[in-house]
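**Q** Compute the structure for the input listed below.
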Amino acid sequence: MELEISRAEFALDRRSRSYLPSQDVQTRPAEERVCDFNDAVIPMTAEQAMFEAMRCVQCPDPAPCVQACPTHNNIPLAMWYIEQGSFVEAAKLYRETSSLPEMCGRVCPHEQLCQGSCSMNKSNDPVLTGALEAFAVEYQRQTEGVEIPVGASTGKKVAVVGAGPAGLGCAEQLVRKGHAVTIFESKPDGGGLLTYGIPNFKLPKEAVFARVEDFKRAGVEFVFNCYIGRDRTIDGLLEEFDAVFVGIGTEIDAPMEVDGENLPGVYKATEYLIRANIPYDLQPENMKGKPEVGKKVVVVGGGDTASDCLRSSLRLGAQEVTCVYRRTVKEMPGGAHDRELAMQEGARYLFLTQPVRFIAGDDGRLSGIECIRMELGEPDKKGRRKPVAVEGSNFVIEADTAVLALGYWPDPIIMNTTPNLKTDKWGLINADTATGLTSRPGVFAGGDDVTGPSLVVTAMVAGRKAAASIDAYLMGK
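**A** All right, here's what the predicted structure looks like:
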């Protein structure tokens with residue numbers, strides 16, 4: 001259907017809107033995008049955005065998309081603004097409830113959140129709410145710029161540990177309240193996972209750096225290459241600042257604990273993605289240079305990080321890239337859209353397969369991976385069927401490079417260097433998820449270091465909630 005359809009024709013007719021076909025998110029051809037690390041998505045035009053927003057049937061309150069969004073963005077009103085061509089008004093609406101709409105519009109698992117809850121799913125494709133959010137806020141940035149409102153100074157100072165989604169969400173809200181904020185970050189630049197975990201072809205670094213610059217213009221001070229727990233302590237920060245927020249995420253790669261996992265050629269996902277995707281001057285000192293990738297790469301794991309590693313390997317020149325996963329595609333935790341893009345680009349998947357040993361070649365580097373076939377047994381406590389090894393089914397996969405994308409654990413250094421900061425048995429900080437309050441007065445926490453690995457949007461929301469509690473604490477409320 002042509003985009004020139006009159007908006008007035010459907011302005012009041014919800015039934016007619018529901019029949020409009022989606023334009024879908026357009027990506028560059030697979031054979032083109034695997035040749036570089038540039039954005040895989042082709043940005044919407046204004047006409048495409050207006051047409052796609054027109055498909056929203058304006059559900060009565062409470063709209064299911066709003067309820068499914070962790071930020072509770074007013075999506076129906078934003079769709080109406082975009083339909084009318086009022087893109088800046090839509091962007092301003094998103095910024096009322098989200099500190100990072102540029103990122104959330106691109107990397108949220110929309111099919112599990114807003115889009116997955118869209119009422120259009122009953123009879124048609126859902127409205128592309130995520131892509132439209134990204135379009136609107138980028139339009140605003142390109143046309144009139146973005147400024148974080150700064151409140152009248154309260155004279156209070158807050159230290160934020162971690163420049164990722166949780167820390168940025170907290171800092172943005174504190175600045176609006178007039179508090180002075182300093183963000184301490186262990187990496188050479190800001191963004192946390194947004195910069196150092198998500199590849200450029202999925203989330204362009206320019207978008208992240210532009211948002212970090214917004215914070216700097218609002219007066220937020222960044223202290224990079226500062227590892228709290230080693231270079232400074234939480235107790236030391238409390239001597240200088242009126243409150244501290246800890247939003248360091250979970251950045252320690254989970255080990256596999258099998259023979260040979262420390263062989264040359266076997267990488268943890270974090271190091272692999274940083275070396276593959278980050279400019280040399282922004283790479284941490286212990287992770288400099290591109291990873292050495294041979295012809296055959298095997299990625300172990302089934303989440304979004306595994307998809308990122310698969311797609312990065314193809315762009316680094318690997319000829320054969322395989323994902324091995326011990327369950328079936330039905331149990332994979334990662335997004336289906338990312339897997340589809342990886343398969344389009346040439347990645348293959350080997351299910352019900354578990355590595356048991358990494359094998360060294362004559363040169364001492366990885367040359368193969370011994371695996372065993374699996375079958376699904378009874379459900380575990382979470383309802384997922386437990387993988388069970390099939391005795392005698394061992395076989396070897398040839399591999400020059402292996403990447404372990406098995407999930408993440410919290411970094412214990414802050415917990416080990418901060419007396420009376422209570423944690424659980426996994427090392428996650430015990431904090432109230434609604435307020436960020438911890439066992440230490442003046443210390444707040446939120447995001448993955450409290451909940452375990454989750455989403456960019458949920459970490460950002462946790463930071464915003466903690467900021468409200470910090471403000472009340474500082475102002476004696």
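**Q** can we go C-alpha only for contacts and neighbour counts from here?
**A** OK.
**Q** what's the lengthiest helix in the chain packed up against?
**A** Ranked by residue count and defined by DSSP state H, the top helix of the chain is helix 456-474. Here helix 456-474 is seen to pack against helix 101-107, helix 165-176, strand 243-246, strand 443-445 when contacts are counted using 3 or more Cα pairs under 8 Å, 6 or more residues apart in numbering; DSSP states H and E.
**Q** Let's have the ones you listed in JSON lines, adding mean pLDDT, distance to residue 54 and mean neighbour count.
**A** As requested, the helices and strands packed on helix 456-474 are arranged in JSON lines below (pLDDT from 0 to 100; distance: least, Cα to Cα, whole Å; neighbours: other Cα atoms under 10 Å):
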{"stretch": "helix 101-107", "mean pLDDT": "97", "distance to residue 54": "18", "mean neighbour count": "23"}
{"stretch": "helix 165-176", "mean pLDDT": "98", "distance to residue 54": "31", "mean neighbour count": "27"}
{"stretch": "strand 243-246", "mean pLDDT": "98", "distance to residue 54": "41", "mean neighbour count": "26"}
{"stretch": "strand 443-445", "mean pLDDT": "98", "distance to residue 54": "40", "mean neighbour count": "27"}
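**Q** and of the ones you listed, who's closest to residue 90?
**A** Between residue 90 and the helices and strands packed on helix 456-474, the shortest separation by Cα to Cα is 11.1 Å, and it involves helix 101-107.
**Q** contact partners of that closest one?
**A** The list of residues contacting helix 101-107 from outside it, by Cα atoms under 8 Å, 6 or more residues apart in numbering, reads 94-95, 129-134, 137-138, 194, 202-203, 207-208, 456-457.
**Q** And residue 225, how close does it get to residue 265?
**A** Residue 225 sits 27 Å away from residue 265 when distances are taken as Cα to Cα, to the nearest Å.
**Q** So for these two, which sits in the more crowded spot?
**A** In this view residue 225 and residue 265 are compared by other Cα atoms under 10 Å, and residue 265 has more residues nearby, 22 against 15.
**Q** tell me the contacts of the closest residue to the more buried one other than its chain neighbours?
**A** Taking Cα to Cα, 6 or more residues apart in numbering, and ignoring the residues beside it in sequence, residue 265 has residue 401 as its nearest neighbour in space, at 4.8 Å. For residue 401, the contact set (Cα under 8 Å, 6+ apart) comprises 265-267, 292-294, 296-298, 366-367.
**Q** Kindly report the same for residue 169.
**A** In this structure, residue 169 makes contact with 98-100, 459-464, judged by Cα under 8 Å, 6+ apart.
**Q** As JSON lines, the helices and strands packed on helix 456-474 with distance to residue 119 would be great.
**A** Rendered in JSON lines, the data for those read as follows (distance: least, Cα to Cα, whole Å):
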{"stretch": "helix 101-107", "distance to residue 119": "19"}
{"stretch": "helix 165-176", "distance to residue 119": "29"}
{"stretch": "strand 243-246", "distance to residue 119": "38"}
{"stretch": "strand 443-445", "distance to residue 119": "35"}
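**Q** So for residue 380, which of those sits nearest?
**A** Within those, the stretch nearest residue 380 is helix 101-107; the backing value is 29.4 Å (Cα to Cα).
**Q** Just give the closest residue to residue 90, not the sequence neighbours.
**A** Using Cα to Cα, 6+ apart and skipping the chain neighbours, the partner closest in space to residue 90 is residue 78 (4.7 Å).
**Q** Surely that neighbour is within a helix?
**A** Yes - if the criterion is DSSP: H, G, I helix; E, B strand; the rest coil, then residue 78 is within a helix.
**Q** neighbours around it, how many?
**A** Residue 78 is surrounded by 25 other residues when neighbours are defined as other Cα under 10 Å.
**Q** Would you mind confirming that it makes contact with residue 94?
**A** Yes - judged on Cα atoms under 8 Å, residue 78 makes contact with residue 94 at a distance of 7.5 Å.
**Q** what about the protein, any weak spots by pLDDT?
**A** Low-confidence segments of the chain (pLDDT under 70): 1-13.
**Q** Name the single longest strand found in it.
**A** Of all the segments of type strand in the chain, defined by DSSP state E, the longest one is strand 366-379.
**Q** can you pull the contacts of the nearest residue to residue 261 once chain neighbours are set aside?
**A** Leaving aside its sequence neighbours, residue 261 sits nearest to residue 358 (Cα to Cα, 6+ apart; 6.0 Å). With Cα under 8 Å, 6+ apart as the criterion, the residues that contact residue 358 are 258-261, 263, 366-370.
**Q** State the pair within those that is farthest apart.
**A** Put simply, by Cα to Cα the two of these set farthest apart are 258 and 367, 15.5 Å from each other.
**Q** Give me the more crowded residue out of those two.
**A** residue 367 (22 against 11).
**Q** Which two of the contacts of residue 169 have the greatest separation?
**A** With distances taken as Cα to Cα, the most widely separated pair in these is 100 and 462, at 12.6 Å.
**Q** Name the residue in the two with the higher neighbour count.
**A** Neighbours of residue 100 and residue 462, each counted by other Cα under 10 Å, are more numerous for residue 462; the result is 29 against 21.
**Q** Identify the bridge partners of residue 158.
**A** On the basis of DSSP bridges, residue 158 takes part in beta bridges with residue 181, residue 243.
**Q** Show me how this protein divides into domains.
**A** What automatic domain parsing lists as the domains of the chain is 7-143, 157-250+410-474, 253-408.
**Q** Among those domains, show me which one is buried the most.
**A** Per-residue neighbour counts averaged over each of those give the maximum for domain 157-250+410-474, namely a mean of 21 (mean count of other Cα atoms under 10 Å).
**Q** so who does residue 93 touch?
**A** The neighbourhood of residue 93, defined by Cα under 8 Å, 6+ apart, consists of 73-74, 78.
**Q** Closest one of the residues you listed to residue 379?
**A** Ranked by distance to residue 379 (Cα to Cα), those are led by residue 73 at 35.8 Å.
**Q** Quick check: that closest one touching residue 97?
**A** Yes - here residue 73 reaches residue 97: they are 5.9 Å apart, a contact under Cα under 8 Å.
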